[in-house]
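A.B. asks: model this:
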Amino acid sequence: MKAVDVQVRGCYIGGEWLVPEKARLIEVKNPADGSVLAFVPRGNKEEIDFAVKAAKKAFLSKEWKMFKPYNRGRLLYQVAEIIRENKEELAKLETLDVGKPLGQAAVDVEIAARYFEYYAGIADKILGETIPVEPGIIDYTVREPIGIVGHIIPWNYPLQIAARSIAVSIATGNATVLKPAEDTPLTTLKLVELMEPLGLPKGIVNVVTGYGFEAGAALSAHPDINHITFTGSVETGKRVMESAAQNVIPVTLELGGKSPNIVFADCHEEQALEWVLKSIVQNAGQTCSAGSRLVIEKSIKEDFVGKLSVMMEKLSIGPGIDNHDLGPVLSKKQFERIQSFIELAKQDGIRIATGGERKLVEGSELGYYLHPTILDNVPASHHLAQEEIFGPVLTVTTFETEEEAIEIANGTPYGLVAGVWTENVGRAHRIASQLQCGQVFINHYGAGGGIAQPFGGYKKSGFGREKGLEALRNYTQVKNVALKY
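C.D. replies: Now for the predicted structure:
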């Protein structure tokens, strides 16, 4: 039985659904079996320009300027409600589009709703300050919308990231143009469809589908864009930043990661095992903040890796719609990239403790499934321990001292997330203070979607912060006013 009917979806520009004339269409495929879910337009510079103009017109309109902050908040609350009313459909669509297990997709839907709730409560609380300059002068600041915001959405968590992008943009009074990943645009389009009846002025939210090198490049280079937010690879992030520089506009970059779970001998072993496993197999390891390195005290490594291998081998693998523990990776291209890292491990004599092979799933032979993999005793400087694999592949590196653990953890080009596992509270704080990364989790990894927690990286993991109150800095600009009396 087909899960959804194949259909042609349009771009959403200026409050209308448009399939550009003579449009070349992009197939959107189900990673589980290679079947075609839908077709979306291959938007290009022309569609991006149309969308940016629609956003600019809406942003400058009297209707939007008179749209009171508390009414923006009310509208965002309504979006949260309508997401929950359609949670089964959204979860199913996210699973079919991305490949992740249905249970994980359901969590993504709830997180999306919570983003709208969170920023709904903030919409009328974006405050300025008064500054004591001198007698006879009243000096104050105002946080104003930055203008037209371009969002380039990745393929691994499309609904979550579209939701946080739209919610904070509306809360801060901006207009936005989203370019979802060509592989997984369907829940972004569905979200905007659900928002249509709620009374948002036309043009405040626009969505253009297409390839990154066409639509994404045009968006990041458009002269009327005032801020770009990009989530994706380091190399593409560099190109986005170069384009933005030509127009002297700020960017927020959330790029790759090679995040460690640092496990000490005094850890709570059962909890550490559970979270180390979750952090590498969630969404088949296709997560920028995945715990892709196990940096573990040498004295417990053999026993810990043995138990972790057994846990991995017990995971069920299959189509996400059947809610297996592990779904497929996104595509043949992604699978081959992951396999190239595993082949490198074999060539260099690195022990594969478990996994490393493709899993053929009956009835889904065209899906790219992979047994979760542990690469054991990987030198800290090895390519496998330095580069983002973006799959269910965990490297293991040992340490003997606290100082060595910190050196290994910090010894990659990335700095996104780290987990620290120890019952020694003093040690936990010492290590957290020395880790070069944007988030540190102690005795857990991840926290309910992290809606309120600032998220972003050090080094090549990017700069700027999404989520929480900190994200407001991306979407507002400060004006200082001084009045002499």
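
A.B. asks: Against residue 441, how distant is residue 453?
C.D. replies: To residue 441, residue 453 is 10 Å away according to Cβ to Cβ, to the nearest Å. Bear in mind the C-beta positions are built from the backbone N, C-alpha and C, glycine included.

A.B. asks: Same check on residue 248?
C.D. replies: For residue 248, the distance to residue 441 - Cβ to Cβ - is 37 Å.

A.B. asks: quick one: which of those two has more around it?
C.D. replies: residue 441 (22 against 6; other Cβ atoms under 10 Å).

A.B. asks: Give the buried residues for stretch 226-242.
C.D. replies: 226-234, 236-237, 239-241 (16 or more other Cβ atoms under 10 Å).

A.B. asks: try stretch 377-386
C.D. replies: With the criterion 16+ other Cβ under 10 Å, stretch 377-386 contains buried residues 378, 380, 382, 384, 385, 386.

A.B. asks: For the first one, list the residues it contacts.
C.D. replies: Spelled out, it's residue 378. 345, 350, 384, 385, 395, 396, 397 (Cβ atoms under 8 Å, 6 or more residues apart in numbering).

A.B. asks: go again using 6 Å as the cut-off
C.D. replies: By Cβ atoms under 6 Å, 6 or more residues apart in numbering, residue 378 lies in contact with 350, 384, 385, 395, 397.

A.B. asks: out of those, which one sits closest to residue 476?
C.D. replies: residue 385 (39.3 Å; Cβ to Cβ).

A.B. asks: Mind listing the residues bridging to residue 143?
C.D. replies: Per DSSP bridges, the residues bridged to residue 143 are residue 478.

A.B. asks: thinking it is in contact with residue 476, fair?
C.D. replies: Yes: the pair residue 143 and residue 476 passes the contact test of Cβ atoms under 6 Å, sitting 4.2 Å apart.

A.B. asks: Between these two, point out the one with more neighbours.
C.D. replies: residue 476 (21 against 18).

A.B. asks: Give me the pLDDT value at the more buried one.
C.D. replies: Listed pLDDT for residue 476 reads 98.

A.B. asks: Low-confidence stretches in the stretch 251-400 of the chain?
C.D. replies: For the stretch 251-400 of the chain, no stretch is flagged by pLDDT under 70.

A.B. asks: what's the burial count for residue 439?
C.D. replies: Neighbours of residue 439 (other Cβ under 10 Å): 24.

A.B. asks: For it, list each beta-bridge partner.
C.D. replies: residue 417.

A.B. asks: so it touches residue 419, yeah?
C.D. replies: No: here residue 439 does not reach residue 419: they are 9.5 Å apart, not a contact under Cβ under 6 Å.

A.B. asks: Among the buried residues of stretch 226-242, which are located in strands?
C.D. replies: 227, 228, 229, 230, 231 (DSSP state E).

A.B. asks: Tell me the one of those nearest residue 275?
C.D. replies: Distances from residue 275 to these, taken by Cβ to Cβ, are shortest for residue 231, at 23.3 Å.

A.B. asks: so who does the closest one touch?
C.D. replies: So residue 231 contacts 154, 161, 254 (Cβ under 6 Å, 6+ apart).

A.B. asks: Could you do residue 373 as well?
C.D. replies: Counting by Cβ under 6 Å, 6+ apart, residue 373 has contacts 355, 356, 393.

A.B. asks: Same question for residue 356.
C.D. replies: 342, 373.

A.B. asks: swap the cut-off to 7 Å and go again
C.D. replies: 342, 371, 373 (Cβ atoms under 7 Å, 6 or more residues apart in numbering).

A.B. asks: likewise residue 31?
C.D. replies: 98, 99, 328, 329, 330, 331, 367, 368.

A.B. asks: Next: residue 285.
C.D. replies: Contact partners of residue 285, counting by Cβ under 7 Å, 6+ apart, are 292, 390, 391, 392, 393.

A.B. asks: Roughly how far does the closest residue to the third one other than its chain neighbours sit from residue 377?
C.D. replies: With sequence-adjacent residues excluded and distances taken as Cβ to Cβ, 6 or more residues apart in numbering, residue 391 is closest to residue 338, at 3.6 Å. Look at residue 338 and residue 377: by Cβ to Cβ, they are 20 Å apart.

A.B. asks: Pull out the buried positions in stretch 270-285.
C.D. replies: 272, 273, 275, 276, 277, 279, 280, 281, 282, 283, 284, 285.

A.B. asks: same question but for stretch 394-411, I mixed them up
C.D. replies: 394-399, 402, 404-406, 408-411.

A.B. asks: In strands only, show me the contacts of residue 231.
C.D. replies: residue 254.

A.B. asks: Write the ChimeraX selection for whichever of the contacts of residue 231 are buried.
C.D. replies: What follows is the ChimeraX syntax for the buried subset of the contacts of residue 231, where burial is set by 16+ other Cβ under 10 Å:
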select :154,161,254
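
A.B. asks: Any chance of JSON lines for the contacts of residue 231, columns distance to residue 55?
C.D. replies: Shown next, in JSON lines, are the contacts of residue 231 (distance: Cβ to Cβ, whole Å):
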{"residue": "154", "distance to residue 55": "21"}
{"residue": "161", "distance to residue 55": "19"}
{"residue": "254", "distance to residue 55": "22"}
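
A.B. asks: Go through the contacts of residue 231 and name the one nearest residue 110.
C.D. replies: Distances from residue 110 to the contacts of residue 231, taken by Cβ to Cβ, are shortest for residue 161, at 14.7 Å.

A.B. asks: count of neighbours near the closest residue to that closest one other than its chain neighbours?
C.D. replies: Counting by Cβ to Cβ, 6+ apart, the nearest residue to residue 161 once its immediate chain neighbours are dropped is residue 153, at 5.2 Å. Residues contacting residue 153 under the criterion other Cβ under 10 Å number 25.

A.B. asks: swap in residue 130?
C.D. replies: Residue 130 has 9 nearby residues by other Cβ under 10 Å.

A.B. asks: ok, it to residue 473 distance?
C.D. replies: 19 Å.

A.B. asks: can you check residue 264 too?
C.D. replies: Counting by Cβ to Cβ, the gap from residue 264 to residue 473 is 35 Å.

A.B. asks: which one of the two has more residues nearby?
C.D. replies: Neighbour count, other Cβ under 10 Å: between residue 264 and residue 473, residue 264 has more, with 22 against 17.

A.B. asks: Adding distance to residue 64 and secondary structure, write the buried residues of stretch 394-411 out as TSV.
C.D. replies: Converted to TSV, these look like this (distance: Cβ to Cβ, whole Å; DSSP: H, G, I helix; E, B strand; the rest coil):
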residue	distance to residue 64	secondary structure
394	48	strand
395	49	strand
396	53	strand
397	52	strand
398	57	strand
399	55	strand
402	54	helix
404	55	helix
405	51	helix
406	49	helix
408	51	helix
409	46	helix
410	45	coil
411	48	coil
